[in-house]
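J.: Structure for the following, please:
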Amino acid sequence: MLLIAHRGASAVAPENTLASFERALDAKADGIEIDIIEVDGEIYVFHDRYLERLAAQPGRIQDLTQAQISTLKVFGQHPIPTLQETLSFLQGRCLLNIEMKSEIDTHRLAALLDWACAEQGFANNQLLVSSFDHHWLQSLKNLRPQTLLGALTASCHLDYAAFATTLEAWSAHIDINVVNSRFVEDAHQRGLKVFVYTVDEAHDIAWLKKMGVDGIFTNHPQLSRNILEGLPVSQNSLLRQF
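T.: Numbers count the residues shown, from 1 in each chain. This next block holds a predicted model:
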């Protein structure tokens with residue numbers, strides 16, 4: 001079962017920052033999940049529509065300019081990275097799941113994926129693009145057919161994982177609150193991987209592993225690795241360390 005660091009190792013470093021990605025690599029995460037938003041002609045790694053939680057100021061990130069975004073600090077500590085900076089930093093050292101949180105210029109995104117493979121050490125099978133908006137994914141797939149797609153859902157559909165097959169996705173990503181063995185079996189019969197979000201509890205990790213899911217998104221990849229390997233963990237391990 002793959003361990004994918006949710007927004008990096010976000011339990012021990014500010015989410016979606018180069019510091020959180022470094023901590024995820026240190027924990028030997030199999031992959032890193034990031035969120036991208038396009039603002040003022042640039043693609044940034046950032047999760048929220050509004051700035052208050054992460055950057056301690058009012059307003060929406062999409063209303064800012066590149067110059068204004070360059071002055072922001074996540075939790076007062078780290079700048080907001082661009083997707084290009086993130087790809088350059090990671091250099092193909094793990095799987096990268098790029099989740100689109102806003103509509104993105106697919107030509108710009110496709111060019112960055114091509115650049116990552118040509119110049120930054122990534123292979124095509126290390127770059128996975130996901131979204132809850134399947135229209136955005138289809139647009140990227142039409143432009144760059146070799147792109148691996150992850151179809152996100154927060155529901156267990158009547159026809160289970162058929163939505164991901166329709167999209168020609170590589171994987172289906174489903175909320176832990178609605179995943180079940182029938183969904184996993186259906187997805188696997190369709191040749192799909194199943195990744196579950198967001199998972200940090202020992203009982204959930206053991207349950208999902210027994211169910212046969214292919215990977216989990218976790219805020220604390222080191223803790224999750226220890227749980228998978230049967231190592232002792234502290235009850236306070238999930239307390240944020242920053």
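J.: What's opposite the residue nearest the centre of the chain in the beta bridge?
T.: Among the residues of the chain, residue 33 comes closest to the average C-alpha position under C-alpha atoms, centre = their mean, at 2.3 Å. When bridges are taken as DSSP bridges, the partners of residue 33 come out as residue 6, residue 97.
J.: same for the top helix by length along the chain, what does it pack against?
T.: In terms of residue count, the longest helix belonging to the chain (DSSP state H) is helix 106-119. Contacts of helix 106-119 with other secondary structure elements, assessed using 3 or more C-beta pairs under 8 Å, 6 or more residues apart in numbering; DSSP states H and E, are made with strand 42-45, helix 83-90, strand 127-131, helix 134-143. Backbone N, C-alpha and C define where each C-beta goes, glycine included.
J.: tell me the angle of it relative to helix 134-143?
T.: In this structure, helix 106-119 runs at an angle of 50 degrees to helix 134-143, with axes from the mean of the first three to the mean of the last three C-alpha atoms, to 10 degrees as the basis.
J.: any chance you could map the helices in the protein?
T.: Defined through DSSP H, the helices belonging to the chain, from first to last, are 18-26, 52-55, 66-69, 83-90, 106-119, 134-143, 162-166, 181-189, 202-211, 221-228.
J.: Dump these to TSV, plus mean pLDDT, mean neighbour count and distance to residue 77.
T.: Rendered in TSV, the data for these read as follows (pLDDT from 0 to 100; neighbours: other C-beta atoms under 10 Å; distance: least, C-beta to C-beta, whole Å):
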stretch	mean pLDDT	mean neighbour count	distance to residue 77
helix 18-26	98	21	8
helix 52-55	98	16	11
helix 66-69	98	14	16
helix 83-90	98	20	16
helix 106-119	98	17	26
helix 134-143	98	17	31
helix 162-166	98	18	37
helix 181-189	98	17	38
helix 202-211	97	15	29
helix 221-228	96	22	20
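J.: one step back: residues making contact with the longest helix of the chain?
T.: Contact with helix 106-119 is made by 36, 38, 43, 83-84, 87, 92, 100, 122-124, 127, 129, 136, 139-140, 143-144, 147, as judged by C-beta atoms under 8 Å, 6 or more residues apart in numbering.
J.: Then stretch 21-31?
T.: Contacts to stretch 21-31, defined as C-beta under 8 Å, 6+ apart, come from residues 2-5, 8-9, 12-13, 32, 34, 86, 89-90, 93-97, 128, 215, 221-222, 225.
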